[in-house]
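**Student:** Sharing a model that was predicted from the sequence below.
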Amino acid sequence: MTARDTAPVPAPGRRALLGLALAAASLALPAPAPAQTAPQSGAASALPTLKLAPVAPPRDAGAEMAARIAATTDRAALLELLAAGVEKPRITARLAQLGFVDLAAGGQRVWLKPGGGESFRDCADCPELVLVPDGDVRMQLSTGATPRNVEVTLPQPFAIGRFEVTRAQYKAFMQQSGHVVELGCHVRAPVWKLDPSLSWQDPGYPQGDDEPVACVSHGDAKAYVAWLSKRTGQRYRLPTDPEWHHVAAASAKEMADPARLCAIGNGADETAKQAMPSWTVAPCRDGFRTTAPVGRFAASPWGLSDLSGNLWEWVDTCPPDPSVPGQPFPPPVCREEEGRILRGGSWADPPAARRLDSRIVSEPGIRDQVAGFRVARDLGS
């Protein structure tokens, strides 16, 4: 073999071979670009200018959804996303941030805003409830010789009956619970006395099923909320005195003005004076001689009705002992036989008895034709 035979193939030959091989594989290399000369000084460049359009970053669907949730104030839209299983922790946090509270109602979860006036119920014949906010309660007690001001903090929202418990609702309780009630109910006229023939079914005046049940004792009311708790799995109870004051406080001006009482409830008025000329009455007509169907009068800003008039309402609070100066209110313990407070006035009461801070006290076993109740409910889990 000669040196000529072993001489290396020139570079152009290797490129040609490689080009053929790549061409066979459809990967031919482009021809080498011709050498470029620098532009003359002062002359415009002949090279094209490269212009790149801005490229948007890839979409982040998670960040977009988070921004959408954070900007949404509509409860329905958020609940629609929640029902679709989207970002549950973020959505529930947003609902809470907007002031809504998650609670059980009738076997479902609902989001309601305390003080918004929306109602809910736990069963078809259960009392209709509204959610009210927490807050500080300022009230005046007149149990002693000198009235004193009391402040109480309610740390949590709670639910309370939109209306007083009706005869129809109480009838369901009596039929299903086995609760036994003896005959006998106190009447107001001409003097306060026990009429042994009367009961919640006949309180001494005609009533419809949509009117508040009367002639119930504090014990009867407690039995009703215990039955309702067992039936629904929720904690029903009677409201405390501060809770009742809290929900009624927004109507204080109307309660203090006799001429405006007929707009918010029924009490002793010109209609009643026709039958009872000796009564002190409000200078207006509410149209009802005794009880009225619940919800017939203007509701409070939080959606409650009949806080003034119709029937006195039992609360689960006993009065402070006037002989003990500065005793806490509500008292931390109430003996079973101790009297209980009633609030709100009734169809038989003058304007002074229907003011916000008006109270009466009765033995817990007393049944009266002007006494009924409304329920409260803790929010639970």
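**Tutor:** Arrived safely, thanks for sending. As the structure is a computational prediction, the values presented were derived from the model and not from experiment.

**Student:** where does residue 35 land on pLDDT?
**Tutor:** Residue 35 is assigned 47 on the pLDDT scale.

**Student:** how much space is there between residue 203 and residue 197?
**Tutor:** Distance, residue 203 to residue 197, using CB to CB, to the nearest Å: 11 Å. Placement of C-beta: from N, CA and C, glycine included.

**Student:** Which residue of these two possesses the greater neighbour count?
**Tutor:** Legend: neighbour count by other CB atoms under 10 Å for residue 203 and residue 197, higher for residue 203 (28 against 10).

**Student:** ok, the more buried one to residue 167 distance?
**Tutor:** Counting by CB to CB - residue 203 and residue 167 are separated by 9 Å.

**Student:** can you check residue 375 too?
**Tutor:** With CB to CB as the criterion, residue 375 and residue 167 are 15 Å apart.

**Student:** same check, this time on residue 205
**Tutor:** Per CB to CB, residue 205 is found 12 Å from residue 167.

**Student:** And for residue 55?
**Tutor:** Distance from residue 55 to residue 167, by CB to CB: 74 Å.

**Student:** Between those two, point out the one with more neighbours.
**Tutor:** Remark: of residue 55 and residue 167, residue 167 carries more neighbours, 21 against 6, as counted by other CB under 10 Å.

**Student:** Who are the contact partners of the more buried one?
**Tutor:** Applying CB atoms under 8 Å, 6 or more residues apart in numbering to residue 167 gives the contacts 200, 207-213.

**Student:** Need phi/psi at it.
**Tutor:** Backbone torsions of residue 167, given as degrees, to the nearest 10, read phi -60, psi -40.

**Student:** What's the separation between it and residue 355?
**Tutor:** From residue 167 to residue 355 the distance is 27 Å (CB to CB).

**Student:** Residue nearest the middle of the protein, spatially speaking?
**Tutor:** Centre of the chain computed as the mean C-alpha position; nearest residue by CA atoms, centre = their mean is residue 131, 2.5 Å away.

**Student:** for the closest residue to residue 376 other than its chain neighbours, what are its contacts?
**Tutor:** Closest residue to residue 376 apart from its sequence neighbours, by CB to CB, 6 or more residues apart in numbering: residue 239 at 4.1 Å. Applying CB under 8 Å, 6+ apart, we find residue 239 in contact with 160, 247, 315-316, 374-376.
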